[in-house]
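# need a structure here:
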Amino acid sequence: MKKILAACAALTLLASCSGGDDDGLTVGLSYVPDVQFFPFYVALDQGFFEDAGVDVELRHHGAQEPLFTALTTGEEDIVFAGGDEVMFARAEGVDAKNFATLYQTYPVTLIVPEDSAIESPADLEGKSVGIPGEYGENYFGLLAMIDAYGLEDVTVDSIGFTQMAALSRGDVDAVIGFVNNDAVAMSAQGFAVRTIDLAPDLPLIGPGLSAMVDSFDENSDAYRAVLEGVEMALDYAEANPEETLDIVTEYVPGMSDPQVREAAALTFEATLPLYRGDGTVGAQDIQRWADMSDFMSRIGILSVPVPAEDAMTTEIVR
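Purely as a prediction, here's the structure:
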């Protein structure tokens, strides 16, 4: 917690940390309830947000809700979103800014059947790759892979969230998915797969926490407190994995089923290192953000250039 700047740590500061909203902060988790969000469930259940000095409510988007709509309308104060997604949104006029990078490693990967002859993205020439659609981190990762390897003859199929079905039937030769979700789920269901890094020095930044730019003056202390609560939850989860899964069971439907819990345990094990990284939880690397801005502009993902400092801040954590 050393680099989380001046966090509101005392419960007596709850009101001031929560800005002008007596109801506290709403954190938007941009997917249906899932074990990947375990630090937020643990922080709420164990009172770590409260200990850090902030009142937090969690809100799941579901599968169809646009990523930033609830943030821009004020229904949410913070949203869990990829750094690349924030940069894309900035180019489209959304005045949001990332204040913590939670996944220190980009979680999107190339997934192939275990017996596939594909050993590198370079082997995809003349083959097909499935993605959910032309949006979000799966799509950005695909574009980064194509750019890094200079691929010219790859068929890209939009298959929705049917990666396992499409890959197991042979509809596509490979899919783009999340290393801590899609790849783990396939293995848990008995379909042997391998993961392949999309590119060396991938110029993309994964999930983190973002808020509207005009909210920082009022809520910066509360944002620091949220991040402190998440860090306490990660410490707890690392020391108490079974108890963490017990907590997740209260939030994720179906977790009482032993098979579902077993699969969730694998996702938990794959996700914890993404949050922990090699140092400070939420650490920001402005050079990585600048590299991502250059890449996304160069290949035409951004409709207008977005400087790194417009999409992220080191005000909350360095």
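# was I right about His60 contacting Tyr31?
Yes: under the contact definition of Cβ atoms under 8 Å, His60 touches Tyr31, with a separation of 6.9 Å. No exception for glycine: its C-beta is placed from N, CA and C like everyone else's.
# burial count for Pro132?
19 (other Cβ atoms under 10 Å).
# could you pull up the residues touching it?
Residues near Pro132 by Cβ atoms under 8 Å, 6 or more residues apart in numbering: 138-139, 158-161, 163.
# in strands only, show me those.
Under the assignment DSSP state E, these contribute Ser158 to strands.
# show the buried residues in the contacts of Pro132.
Neighbour counting with 16 or more other Cβ atoms under 10 Å marks 138-139, 159, 163 as buried within the contacts of Pro132.
# reformat the residues you listed as JSON lines; add distance to Glu262 and pLDDT.
Below are these laid out as JSON lines (distance: Cβ to Cβ, whole Å; pLDDT from 0 to 100):
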{"residue": "Asn138", "distance to Glu262": "26", "pLDDT": "95"}
{"residue": "Tyr139", "distance to Glu262": "31", "pLDDT": "96"}
{"residue": "Ile159", "distance to Glu262": "26", "pLDDT": "96"}
{"residue": "Gln163", "distance to Glu262": "20", "pLDDT": "93"}
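# could those residues be laid out in TSV, adding distance to Thr267?
Putting the buried ones among the contacts of Pro132 into TSV (distance: Cβ to Cβ, whole Å) gives the following:
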residue	distance to Thr267
Asn138	17
Tyr139	22
Ile159	21
Gln163	15
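# and which of those is nearest to Trp289?
Tyr139 (19.2 Å; Cβ to Cβ).
# pull the contacting residues for that closest one.
131-133, 176.
# gap between it and Asn240?
Tyr139 sits 36 Å away from Asn240, taking Cβ to Cβ, to the nearest Å as the criterion.
# does Ile111 count as helix, strand or coil?
strand (DSSP: H, G, I helix; E, B strand; the rest coil).
# any idea what it is bridged to?
Val175, Thr195 (DSSP bridges).
# residues in contact with it?
163, 167, 174-177, 182-183, 186, 193-196.
# and with 6 Å instead?
175, 177, 183, 193, 195 (Cβ atoms under 6 Å, 6 or more residues apart in numbering).
# state the pLDDT value of the first one.
Which is Val175. Note on Val175: pLDDT of 98.
# next one: the one 3 residues further on
Per-residue confidence (pLDDT) for Phe178: 95.
# and it, its phi and psi?
phi -90, psi 130 (degrees, to the nearest 10).
# so it makes contact with Tyr106?
No: contact between Phe178 and Tyr106 fails when scored by Cβ atoms under 6 Å: they sit 9.9 Å apart.
# before we move on, back to that, among the contacts of Ile111, which one lies nearest to Pro258?
Ala183 (21.6 Å).
# so what touches the helix or strand hosting that closest one?
Remark: Ala183 resides in helix 182-188, with elements defined by DSSP states H and E. For helix 182-188, contacts defined as Cβ under 6 Å, 6+ apart pick out 111, 163-164, 193, 195, 263, 266-267, 270.
# count the residues that sit near the closest residue to Pro200 other than its chain neighbours.
Distance criterion Cβ to Cβ, 6 or more residues apart in numbering; nearest residue to Pro200, sequence neighbours excluded, is Ala148 at 7.0 Å. Ala148 has 18 neighbours, counted by other Cβ under 10 Å.
# which element is Ala148 on?
helix 136-149.
# alpha carbons only: can I get that helix in PDB?
Provided in PDB are the C-alpha atoms of helix 136-149 (Å, rounded to 0.1, in the frame of the first residue of the first chain):
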ATOM      1  CA  GLY A 136     -13.200  -4.500 -26.800                       C
ATOM      2  CA  GLU A 137     -10.000  -6.200 -25.500                       C
ATOM      3  CA  ASN A 138     -10.300  -9.300 -27.600                       C
ATOM      4  CA  TYR A 139     -10.500  -7.200 -30.800                       C
ATOM      5  CA  PHE A 140      -7.700  -4.900 -29.700                       C
ATOM      6  CA  GLY A 141      -5.500  -7.800 -28.900                       C
ATOM      7  CA  LEU A 142      -6.200  -9.400 -32.300                       C
ATOM      8  CA  LEU A 143      -5.200  -6.200 -34.000                       C
ATOM      9  CA  ALA A 144      -2.000  -6.000 -31.900                       C
ATOM     10  CA  MET A 145      -1.100  -9.600 -32.900                       C
ATOM     11  CA  ILE A 146      -1.700  -9.000 -36.600                       C
ATOM     12  CA  ASP A 147       0.400  -5.800 -36.500                       C
ATOM     13  CA  ALA A 148       3.300  -7.400 -34.500                       C
ATOM     14  CA  TYR A 149       3.600 -10.400 -36.900                       C
END
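# thanks again, I'm all set now.
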